Structure formats: C-alpha cells, structure tokens
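# the following comprises the amino acid sequence and a computationally predicted model.
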Amino acid sequence: MIRSAQFLAFCFLISVAGLLQADEGFPGRSLYPGVAVIELDELHRRLGAVTVVDVRSEFEFNTLHIAGAQHIPLSERDFADRVAALAQQDEGQLVFYCNGRSCEKSYQAAVKAERAGVAGTVSFDAGIFDWARTFPNDTVLLGEPLADAGKLLTQDKFEAHLLPPEKFGLYLDEAGFAVDARDNQQRAGLALFMGREKRIPFDNRARWEQLLAERTDNSAPLLIYDAVGKQVQWLQYFLEAKGVENYYFMAGGAKAFFDML
C-alpha cells in the first residue's frame with residue numbers, strides 16, 4: 001500500500017521513540033528494531049483514526065479486548081491474507097497488539113504484514129492489560145464494557161489458585177481428574193497423569209462450558225494445567241464468571257512439571 005510522506009514520517013518518529021525506550025520494560029523492542037511502536041496515550045488519542053487488530057487467541061480476545069478491535073489471530077494460516085484484505089478495506093493505520101510487554105506477537109504480526117506488502121503498521125506493545133487498567137471505558141470484558149479497572153483479576157488472586165508441580169498431583173484423589181488445557185502441538189503426546197486427566201484445549205470454549213455443566217460435585221477441586229502456566233490466567237476469568245471457587249492451576253504448567261523430574 002502506498003503511504004503519504006507525512007504518514008511515513010510519523011512512523012519513523014514512533015519507531016525512533018520505540019528504540020530509545022527498548023530497555024524500559026519492553027524487551028521485544030530490541031529484538032524487533034524494524035517494527036515501529038505506538039505508546040499508550042498516543043493510541044488512545046488516535047483510537048478513532050486507526051484500525052486496532054488483536055492478534056491473540058479467540059479465548060483471550062473474548063475475555064478481554066480493546067473496544068472496537070478487529071480480531072485476526074496470529075496463529076491462523078491465512079493471517080497475512082486477512083491483514084492484507086483489512087488494509088485494503090480500511091485506510092486507517094493498522095495497530096497490532098497482544099498481551100503486552102513480554103509478548104512478541106504484536107511485533108511478529110507487524111513483520112508478517114510487512115512481508116505481505118502491508119506497509120506502515122505498528123505495534124502497541126504495552127498490550128491489553130496496560131490498556132485496560134488505564135482506559136477501562138474503552139475495554140470489553142467478557143462481552144461487556146469493563147468500565148471499572150477494579151474488575152481485573154490481580155496477581156495475588158491468580159497466585160492464590162496456584163499449586164507447585166510437586167503438590168498438584170496430591171490433589172488428584174480428591175479431584176478425580178486433572179484437565180490438560182494444552183493444544184495438540186503443545187502436548188506432543190506427553191500426558192502428565194495418564195488415565196487421570198481430561199483433554200480440553202485452552203481455546204475450546206464450548207468444551208469448557210460442557211465440563212462445568214457436567215460437574216456433579218462442585219466441592220471437589222478442579223485441577224487445570226497448561227504448557228507454561230500463562231494461558232490459565234485467561235481461564236481464571238471464565239471460571240470466576242461461572243462462580244467456580246475451588247480450582248487450582250499448576251504453577252509453571254507442564255514445563256515446570258517436567259523440569260522437576
């Protein structure tokens with residue numbers, strides 16, 4: 001796509017700003033020096049003039065996203081084609097975002113877009129959590145306006161439902177089973193508790209709904225683990241919204257379990 005000189009100048013300026021701040025809590029900026037970034041306040045100021053694209057999974061997007069954001073998962077095979085089509089439809093600058101700070105998906109999205117011939121895209125690498133805490137009125141939580149940043153789950157709330165790998169299995173007798181939330185690629189055929197677990201990929205919302213509907217003993221703990229202990233943070237919003245109280249995640253996920261062996 002052909003961009004104006006003024007537009008290209010703007011991209012250059014925010015790219016330089018990103019490089020200057022690469023060491024200020026944004027490790028990905030030094031890894032992707034060719035990707036221009038846009039800061040939190042600047043994105044909010046220009047929100048109506050740009051096209052915001054959430055590149056995370058469907059479950060993450062449905063849980064929490066920037067109001068009005070388009071959703072094109074980076075993991076989709078046709079990601080580049082869909083981005084190119086969006087760029088043709090909308091004259092607004094494309095701004096990619098993910099979970100922020102330590103997440104590299106927004107940078108990777110910009111690189112893929114560039115390779116597909118879509119120039120001038122930027123990364124909002126502060127991500128959804130910084131945005132939601134700062135601009136709750138422009139954030140959607142579980143399909144409803146967030147409005148109050150106090151509704152966001154805290155790190156303390158998350159840690160209260162974590163069990164170290166060496167203790168996780170001790171709850172199996174009471175729980176009856178554990179839920180493996182990894183996808184097939186992450187699982188690679190390796191089960192942690194053979195014969196004592198259910199496999200429900202993190203992003204399969206319908207299966208999670210079914211699991212909760214079929215639970216006959218809500219007093220028994222619900223045990224869940226993922227690949228590295230990060231995706232379960234999004235499941236926590238779902239569980240809390242469903243009124244589930246007695247649940248635990250494996251700290252560090254399957255990786256921490258195997259590291260322990």
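Received the coordinates, thanks. Residues are numbered from 1 along each chain as shown.
# Ala132 and Glu245: what is the separation?
Computed as Cβ to Cβ, to the nearest Å, the Ala132 to Glu245 distance reads 24 Å. Backbone N, C-alpha and C define where each C-beta goes, glycine included.
# higher neighbour count, these two?
Neighbour count, other Cβ atoms under 10 Å: between Ala132 and Glu245, Ala132 has more, with 21 against 12.
# what's next to the helix or strand encompassing the more buried one, contact-wise?
Element membership of Ala132 [criterion: DSSP states H and E] is helix 127-134. The contact list for helix 127-134 (Cβ atoms under 8 Å, 6 or more residues apart in numbering) reads 40, 43-44, 54, 56, 64-66, 97-101, 103, 106, 124, 138-139, 141, 146, 149, 152.
# out of the residues you listed, list just those in helices.
Counted as lying in helices by DSSP state H, out of the contacts of helix 127-134, are Leu40, Leu43, His44, Ser106.
# what is the most widely separated pair among those residues?
The span of these, defined through Cβ to Cβ, is set by His44 and Ser106 at 16.3 Å.
# looking at the two, which has the bigger crowd around it?
Per other Cβ under 10 Å, whichever of His44 and Ser106 has more neighbours is Ser106, with 29 against 14.
# quick one: residues contacting the more buried one.
By Cβ under 8 Å, 6+ apart, the contact list for Ser106 reads Val55, Phe96, Tyr97, Cys98, Ser123, Phe124, Asp125, Gly127.
# please redo it, this time with the cut-off set to 7 Å
Val55, Phe96, Tyr97, Cys98, Ser123, Phe124, Asp125 (Cβ atoms under 7 Å, 6 or more residues apart in numbering).
# please apply the same query to Val53.
Residues in contact with Val53 (Cβ under 7 Å, 6+ apart) are Ala69, Gln70, Ile72, Leu94, Val95, Phe96.
# hmm, 6 Å instead?
Gln70, Ile72, Leu94, Phe96 (Cβ atoms under 6 Å, 6 or more residues apart in numbering).
# which ones are touching the first one?
With contacts defined as Cβ under 6 Å, 6+ apart, Gln70 is in contact with Val53.
# where does the protein dip in pLDDT?
The model of the chain has pLDDT under 70 over residues 1-24.
# mind doing that once more with 90?
Counting by pLDDT under 90, the chain has low-confidence residues at 1-25, 90-92, 100-102, 184-185, 188-190, 215-218, 261.
# show me where the stretch 1-150 of the chain has strands.
36-37, 50-54, 64-66, 70-71, 93-97, 122-124, 139-141, 144-145 (DSSP state E, counting those that start in this stretch).
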